[in-house]
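# Fold the following.
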Amino acid sequence: METLANLESFIRSAEHGSFSEAARRLSLTPAAVSRNVATLERNLGVRLFHRSTRKLSLTEAGETFRLAVADNLEGIQAAIAGIATAGGEPAGTLKVSMALTFGTMHILPLLPPFLERYPLIRPEWHFENRRVDLVTEGYDAAIGAGFDLAPGLIAHALAPAHVIAVASPAYMEGRPRPDDPSGLQPLQGIVQRSLRTGRLQQWTMRNPAGEDMPAHLSATMVVNDPAAMQEAALLGLGVTMLAVPDVLPALEAGRLIQLLPGWYADAGAISLYYASRTLLPAKTRAFVDWVTEAFRNRRLAERFAGHRL
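Coordinates of the predicted model:
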């Protein structure tokens, strides 16, 4: 039986006369669409398109096949998207990407009641500090901040991604508290090097009055992972800039202190990313709704706001 991806690639390419335009509509690469069509042709044993450097047109067999499947494709898509068990329950593997610290601290605790409600869903959760490609890597959803919103993707905002300056009480003992971000520079800084750019992360902070000021930390220690940055701060090695969700438990326990109350750097929003299909797979819709409801009930958007700490 042909895969849905092969059929979708064929129909969209026929509609738009271009692998590139079909790829844009399907959130795939042109190479992936071309490969899917070639697989379909090989499986059917016929050539579906005439190809040239300037034009893509259907063969006679291709036009016959298009007429046979085009009207049925929407029904096939809906059937696959809404597939469930005989009892109507969402089911199947749920592949989700999220950052390690944020995921284990705030999303993983939602799993026991979620699986109790949806026992036929099998979670495959990847804890990774990178921005994945949902379509090509086969993810049902991702949670994070700053993803490129490629065509065909939806970003459902959950909470602000505010970054604040923190240090341990032991490190700050005997040291003057800074009054504004410029006062951070004389302190020892635990700084992150970006995995994407290779540059040291720098932030501009804002206060409730709307004033902006660069927060330049002296890079006395450089790491590439937020969890390591927090651990270094807890060990009294200096000041670091971290997202509120990552440090909130340590702040509430008094193991870390916020150095500039009211000041924060805005890194956008923590969002749920998923494909913008007319009918989401039932398992994905159940996950999106569950996480959204949990954030609302726990008032996490308010708790993650840096200017309110």
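# Where does pLDDT dip in the stretch 1-150 of the chain?
In the predicted model of the stretch 1-150 of the chain, residues 1-2, 74-88, 149 satisfy pLDDT under 70.
# Okay, strands next: where are they in it?
Chain-ordered strands for the stretch 1-150 of the chain, with DSSP state E, counting those that start in this stretch as the definition, fall at 49-51, 56-58, 92-98, 121-127, 141-144.
# can you check the stretch 151-300 of the chain too?
Going by DSSP E, counting those that start in this stretch, the stretch 151-300 of the chain shows strands at 153-167, 188-192, 203-206, 212-215, 218-223, 239-243, 257-258, 265-275.
# Now do the same contact list for the nearest residue to residue 249 once chain neighbours are set aside.
In space, and not counting its chain neighbours, residue 249 is closest to residue 105: 6.7 Å by Cβ to Cβ, 6 or more residues apart in numbering. Every residue, glycine included, has its C-beta placed from N, CA and C. The contact partners of residue 105, by Cβ atoms under 8 Å, 6 or more residues apart in numbering, come to 245, 246, 249.
# that older thread, winner for burial among the strands of the stretch 1-150 of the chain?
Highest mean neighbour count among the strands of the stretch 1-150 of the chain (mean count of other Cβ atoms under 10 Å): strand 141-144, with a mean of 24.
# which residues sit in contact with residue 221?
Taking Cβ under 8 Å, 6+ apart, we find residue 221 in contact with 188, 189, 190, 191, 232, 237, 238.
# Look up which residues are beta-bridged to it.
Following DSSP bridges, residue 221 is listed with bridge partners residue 190.
# now it: how far from residue 236?
Distance of residue 221 to residue 236, computed by Cβ to Cβ, to the nearest Å: 12 Å.
# before we move on, back to that, among the contacts of residue 105, which one lies nearest to residue 226?
Set against residue 226, the nearest of the contacts of residue 105 by Cβ to Cβ is residue 246 (5.5 Å).
# ok, now how distant is the residue nearest to the closest one when sequence neighbours are not counted from residue 121?
With Cβ to Cβ, 6+ apart as the criterion, residue 246 has its nearest non-adjacent residue at 4.7 Å, and that residue is residue 101. To residue 121, residue 101 is 24 Å away according to Cβ to Cβ.
# now do residue 288
Shown here: residue 288 relative to residue 121, a distance of 13 Å by Cβ to Cβ.
# what's the burial count for residue 171?
Burial of residue 171 is recorded as 20 neighbouring residues (other Cβ atoms under 10 Å).
# and if you look at the one 10 residues further on?
Residue neighbour count, defined by other Cβ under 10 Å, stands at 25 for residue 181.
# show me the contacts for it.
Taking Cβ under 8 Å, 6+ apart, we find residue 181 in contact with 165, 205, 213, 214, 215, 216, 260, 263.
# Burial check on the residue lying closest to it once chain neighbours are set aside, number of neighbours?
If the residues on either side of it in the chain are set aside, residue 181 comes closest to residue 215, at 3.9 Å by Cβ to Cβ, 6+ apart. Neighbour count for residue 215, taken as other Cβ under 10 Å: 26.
# can you give me the helices in this protein?
4-16, 19-26, 30-44, 60-81, 100-102, 111-117, 169-172, 226-234, 244-252, 282-297, 300-303 (DSSP state H).
# Is it possible to get JSON lines of these that adds distance to residue 272?
Formatted as JSON lines, the helices of the chain follow (distance: least, Cβ to Cβ, whole Å):
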{"stretch": "helix 4-16", "distance to residue 272": "23"}
{"stretch": "helix 19-26", "distance to residue 272": "21"}
{"stretch": "helix 30-44", "distance to residue 272": "24"}
{"stretch": "helix 60-81", "distance to residue 272": "17"}
{"stretch": "helix 100-102", "distance to residue 272": "12"}
{"stretch": "helix 111-117", "distance to residue 272": "14"}
{"stretch": "helix 169-172", "distance to residue 272": "35"}
{"stretch": "helix 226-234", "distance to residue 272": "20"}
{"stretch": "helix 244-252", "distance to residue 272": "14"}
{"stretch": "helix 282-297", "distance to residue 272": "6"}
{"stretch": "helix 300-303", "distance to residue 272": "13"}
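# Of all those helices, which one is nearest residue 269?
Taking Cβ to Cβ, helix 300-303 is the member of the helices of the chain nearest to residue 269, at 9.3 Å.
# List the contacts of that closest one.
106, 158, 159, 160, 244, 245, 248, 294, 295, 308.
# Closest to residue 201 out of the residues you listed?
For the contacts of helix 300-303, the nearest to residue 201 is residue 244 (15.9 Å; Cβ to Cβ).
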